[in-house]
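Participant: Here is the input, now give the coordinates:
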Amino acid sequence: MGILKVNGLKKAFGIDELFHDVNFEVRGGDKVGLVGANGAGKTTLMKILMGQEEADGGSVQLDPAETIGYVQQQADFGEGTLYDEFRRAFDDIIELGERKRSLEKRIAAGEEELLDTYGKVVERFEQLNGYEFDSRIKKVAYGLGFTDEDFQKNVEHFSGGQKTRICLAKALLREPDFLFLDEPTNHLDIGMIEWLEGFLRTYRGGVLIISHDRYFLDKVATRMVELENYTVTSYEGNYTYFMRVKTARREALKSAYEKQQEHIKKTEEYIRKYKAGIKSKQARGRQSQLNRLERIVLPPEAASFNYFAFHKPPECAQRVAELEEVTFGYGSEPVFKDLSLLIRNGDGVALVGPNGAGKTTLLKVLVGELEAAKGRIKIGSRVKIGYFSQQHETLHMDMTVLDEIIYTYGVDEEQARRYLGAFLFHGDEVLRKIGDLSGGEQSRVAFLKLMLTGANFLILDEPTNHLDIPAREAVEEALMAYPGTFLAVSHDRYFLDKVANCTLELDKGQLTEYSGNYSYYLMKKEAEKEAEEEERLEAEAAAQKEAAKKAAVKPAEAQKAAEEKAAAKERAEAGKIQSMSDAKRTEMIQRAEAEIAMAEAELKGLEFQMNQPDIQADPAESQRIAEEYAAKEQEIEERYAKWERLVASE
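Facilitator: Modelled structure (predicted):
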């Protein structure tokens, strides 16, 4: 496996420098995350690495035999069916096959002098696995969820998420030595993102990923490269480790800078005091030292939303929104049926589920844009809704950014510019038309408008789409400080982990509530899977016991069979643990510890309930809680046993 070496790259557009002195490597098996603010030049850098753009200086070293697969942000397809699109990945092989058949006909017609050429063509065709490309298309396509029926559909009729998967499949078909991914998680639902994470972790080639999905980078990246202040800095580890190291480095640099500034100040005071006196020689010496001093330069702070804070909204009812057995569908097909939901004042609710489950539809029913076929929707007293839509329908595309704020909220130009400045729109930028802004810039305007409404119930549909990481962090900080209530649909798991205290899963028309953030939801889902597996094993054991009874098996033999089954189960689990990678085992240990902590917290809650006078006065309720307490103690004991097996295997 080769190495991609980047040496001293620089690029500018006219007088505007994009980057300089860019140096890093990508080796086979590396998973490198490339991060930076929007407009920093990440996509341009990636295109230079592939030879699609010219650099102004520096070099990219890669063996000509090494291949690169590229998954871009925007799908660029030819005409025809999905199968036609996949076949285009093998144009060179198909052309070789046609040339081979043409030579066969000519040789059969007597042109024997072409035998040498034919031999070389056949050799190259076989090197490229020309006889197998059709089976490879099906293998990769099936793995990414496409069907034989999909093969016959026009490629332009697929959804955004499906088009992303098509791009990914095209890149993977040739099994490239290096895989370049530009925002690969855009338009993918959480389930498909998790599939992609697993695939990339085991990919044998080098992977370079541009992404604003911090959770994805945490799961996949083994090294981070940040493009900031016109150059790059490399960090070992995933996104969270990179941020920890970067913060520590900046704090150390800031401390050294402050000490140096204090030293410079004292030295300059000494020079001023003694430059004309008896100590003038020492003063000149210190001036020489000061002239030679290598000054520490602090890089500029990243631009941020300095005043990104919601005005305190008016008070409202405790029951902010209620759905009672709500049903909605298009035509005869229901999207969801008999959904019931209560959102309380102060809740931060995450709504998750696969693409097509009806999350956006549910939001539109809640805000009244769509009418439910059945059921009741009740919005609480004094509740004012602010709705953030993916399509930004509230923005007027022909208006300037400045006029959008002035005319919508009746403020003067000075106040409007102050608001816009807090959202990084400065100077003449406020005179640009909304329709000419990027997706991320439009999102910033939409968020500013949301802030100015004074809403106390925010309904947010993919609020972090198109935003770079600093902007996402600003949205998170604002929502965590927001004293109202919100319901957010998002595929940004890092965002959901930080802001939500309740997670709703909409899947197959049903809504399930989990009383925690996204990580808690994942933990509970994993526990549900384990419980289902245990139930299955118990059912099997019960069936075997019943079968043993019917066969008049002696009790000792039945006991022996049960012990052997339990031992086999333990050996299988031990084997499963031993086969795990170190990273997976560490992840499982951390998850087990989190599960134990959660179970112990739940145990304390039950203990608190048991000691309540009203509970103790109710024998039935007291008995029920006592049984729950005993079951929870047993659960904790089992979880500790599982944790001990994991730790012992390290």
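
Participant: Give me the buried positions along stretch 350-358.
Facilitator: Buried residues in stretch 350-358, counted by 16 or more other Cβ atoms under 10 Å: 350-355, 357-358. (Glycine included, C-beta is placed from N, CA and C.)

Participant: now these in a markdown table, with secondary structure, distance to H187 and pLDDT?
Facilitator: Output for those, formatted as a markdown table (DSSP: H, G, I helix; E, B strand; the rest coil; distance: Cβ to Cβ, whole Å; pLDDT from 0 to 100):
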| residue | secondary structure | distance to H187 | pLDDT |
| --- | --- | --- | --- |
| A350 | strand | 19 | 95 |
| L351 | strand | 17 | 95 |
| V352 | strand | 16 | 92 |
| G353 | coil | 15 | 89 |
| P354 | coil | 13 | 84 |
| N355 | coil | 8 | 79 |
| A357 | coil | 15 | 87 |
| G358 | coil | 17 | 90 |
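
Participant: of all those, which comes closest to D56?
Facilitator: Closest approach between those and D56, by Cβ to Cβ: N355, at 41.2 Å.

Participant: wait, isn't the closest one in contact with F158?
Facilitator: No - in this structure, N355 is not within contact of F158 by Cβ atoms under 8 Å, at 11.9 Å.

Participant: which residues does the residue positioned nearest the centre of the chain contact?
Facilitator: In the chain, the centroid-proximal residue (Cα atoms, centre = their mean) is D213; its distance is 3.3 Å. Residues in contact with D213 (Cβ atoms under 8 Å, 6 or more residues apart in numbering) are 185, 193, 492-494.

Participant: Same check on P184?
Facilitator: P184 sits next to 71, 164, 168, 196, 209, 211 when contact means Cβ under 8 Å, 6+ apart.

Participant: could I get the buried residues of stretch 350-358 as CSV with distance to N501?
Facilitator: CSV is the format used below for these (distance: Cβ to Cβ, whole Å):
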residue, distance to N501
A350, 9
L351, 13
V352, 14
G353, 18
P354, 23
N355, 25
A357, 22
G358, 23
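
Participant: by contact count, what packs against the longest helix along the chain?
Facilitator: Scanning the chain for the longest helix, with DSSP state H as the assignment, gives helix 239-274. Counting contacts by 3 or more Cβ pairs under 8 Å, 6 or more residues apart in numbering; DSSP states H and E, helix 239-274 is packed against strand 31-35, helix 214-220, strand 223-228, strand 231-236, helix 280-292.

Participant: right, and these - which one's nearest E258?
Facilitator: Of the helices and strands packed on helix 239-274, nearest to E258 by Cβ to Cβ is helix 280-292, at 17.1 Å.

Participant: Scan the contacts of D213 and report the most crowded one.
Facilitator: Of all the contacts of D213, the highest neighbour tally under other Cβ atoms under 10 Å goes to D492, namely 27 neighbours.

Participant: Let me know the secondary structure of the residue lying farthest from the centre of the chain.
Facilitator: The C-alpha centroid of the chain is most remote from I278, which lies 67.0 Å away (Cα atoms, centre = their mean). The three-state label for I278, taken from DSSP: H, G, I helix; E, B strand; the rest coil, comes out as coil.

Participant: repeat for I343
Facilitator: Per three-state DSSP, I343 ends up strand.

Participant: you'd agree it is up against A321?
Facilitator: Yes - counting by Cβ under 8 Å, I343 touches A321, with 4.5 Å between them.

Participant: who touches both of those two?
Facilitator: 457, 487.

Participant: I believe Q390 is in a strand; please confirm or correct that.
Facilitator: No - counting by three-state DSSP, Q390 is not part of a strand but coil.

Participant: ok, it touching L363?
Facilitator: No - applying Cβ under 8 Å, one finds Q390 not in contact with L363, separated by 9.8 Å.

Participant: re the thing from before, and the residue nearest to the centre of the chain, backbone torsions?
Facilitator: The phi/psi pair for D213 (degrees, to the nearest 10) reads phi -90, psi 100.

Participant: Return the set of buried residues in the one helix or strand E85 maps to.
Facilitator: Using DSSP states H and E, E85 maps to helix 82-87. Residues of helix 82-87 classed as buried by neighbour count (16+ other Cβ under 10 Å): 82-83, 85-87.
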